[in-house]
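Chemist: Fold the stuff below for me.
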Amino acid sequence: MKLRLIAGFAALLFLTACGPSRYTSSSTNLSSISEFAFVQPYSYIVLYGDDGKGFYDENSSNGATKIITNLINSERFPFSDMIEADYDGANSDIQKWMRTFPDVDPSKADRLRVPKSLRKMLDNSGLRYGIVIYSYGYEQTVKGYQREKVEKAASKIIDKAVEAITGIKGISNPYQNYSVSSPYGNVLFCAVIDGNEDRVIHFVKEVPTLASHPEETADVSELLHKLLKEFIR
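Modeler: As a prediction, the model looks like this:
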């Protein structure tokens with residue numbers, strides 16, 4: 001799980017550097033839309049303890065969501081009052097959908113199928129366009145972070161020795177993700193849905209240049225403003 005998550009962040013950084021991280025339908029003019037239905041953000045934050053084992057942390061996830069919501073409400077974005085969502089119940093299809101965002105190619109985001117309960121939310125809001133924001137990140141304890149650095153260094157030494165003898169690369173670390181630059185990380189995603197056409201018309205994958213903490217307001221604010229730059233009035 002841990003290798004997959006950190007490798008996933010490395011992959012996101014690579015894809016963002018090599019390809020577009022934003023998509024907007026050619027027939028859409030976001031600046032002409034006066035108001036969007038703002039659906040409660042969803043965060044999936046993994047916490048790694050001293051033993052290096054990771055798990056979904058509800059408190060950290062709720063904290064990340066609260067920061068995003070507060071920042072949205074304090075800024076002049078053209079979003080309606082927040083629409084509450086029950087991501088563990090009636091709206092579980094939306095959170096499952098957002099958790100696929102890290103694997104989405106932004107240029108193909110218009111192929112995403114809009115969840116049924118999200119379509120219902122838009123119908124009930126009376127607004128044609130809806131916006132969802134997803135935070136995907138991780139945090140590590142200091143002890144766990146130091147432990148990982150030692151393990152990665154040992155793994156690198158082993159792999160170099162095996163490669164020198166056999167020519168085979170990456171025996172102990174097939175992802176080659178030896179570098180641990182930060183004990184935390186965060187990526188933000190945004191999707192705008194056209195309720196009339198039942199499709200995604202705008203999608204953004206925003207990866208920070210430097211490590212961003214999912215529960216530090218300053219870090220989240222900087223990333224959020226980049227994510228939502230098309231909406232700043």
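Chemist: okay, CA-based contacts and neighbour counts for the rest of this
Modeler: OK.
Chemist: can you give me the strands in the protein?
Modeler: Secondary structure of the chain, counting by DSSP state E: strands at 22-24, 37-38, 42-48, 54-56, 129-140, 184-194, 199-206.
Chemist: right, and those strands - which one's nearest Ile83?
Modeler: Minimum separation from Ile83 across the strands of the chain (Cα to Cα) falls at strand 37-38, 6.1 Å.
Chemist: low-confidence ranges in this protein?
Modeler: When residues are selected by pLDDT under 70, those of the chain lie in 1-20, 142, 144-181.
Chemist: now do 90
Modeler: Along the chain, the model assigns pLDDT under 90 to residues 1-21, 47-55, 75-77, 81, 138-185, 207-212, 232-233.
Chemist: Roughly how far does Ser43 sit from Asp50?
Modeler: When distances are taken as Cα to Cα, to the nearest Å, Ser43 and Asp50 turn out to be 23 Å apart.
Chemist: more crowded one of those two?
Modeler: Residue environment comparison for Ser43 versus Asp50 gives the larger neighbour count to Ser43, 26 against 15, counting by other Cα atoms under 10 Å.
Chemist: who touches the more buried one in this structure?
Modeler: 61-62, 64-65, 134-137 (Cα atoms under 8 Å, 6 or more residues apart in numbering).
Chemist: which one of those is nearest Phe203?
Modeler: Each of the contacts of Ser43 was checked against Phe203 using Cα to Cα; the closest is Tyr134, at 11.2 Å.
Chemist: And that closest one, how far from Asn124?
Modeler: Per Cα to Cα, Tyr134 is found 22 Å from Asn124.
Chemist: Compare the two (neighbour count), which wins?
Modeler: Applying other Cα under 10 Å to Tyr134 and Asn124 shows that Tyr134 carries more neighbours, namely 24 against 10.
Chemist: Now for that one: which residues touch it?
Modeler: By Cα under 8 Å, 6+ apart, the contact list for Tyr134 reads 41-44, 98-99, 188-190.
Chemist: nearest to Asn70, of these?
Modeler: Using Cα to Cα, Pro41 comes nearest to Asn70 of the contacts of Tyr134, at 10.8 Å.
Chemist: count of neighbours near the closest residue to the closest one other than its chain neighbours?
Modeler: In this structure, Pro41 finds its nearest non-sequential neighbour in Ile133, 4.9 Å apart by Cα to Cα, 6 or more residues apart in numbering. Other residues within reach of Ile133, judged by other Cα under 10 Å, total 24.
Chemist: Also Ala90?
Modeler: Should you count by other Cα under 10 Å, Ala90 turns out to have 10 residues around it.
Chemist: Would you mind measuring from it to Ser61?
Modeler: Computed with Cα to Cα, the distance linking Ala90 and Ser61 is 19 Å.
Chemist: on that earlier part again, out of the contacts of Ser43, which one sits closest to Gly54?
Modeler: Sorting the contacts of Ser43 by distance to Gly54 puts Gly137 at the head of the list, at 11.7 Å, by Cα to Cα.
Chemist: Good, wrapping up.
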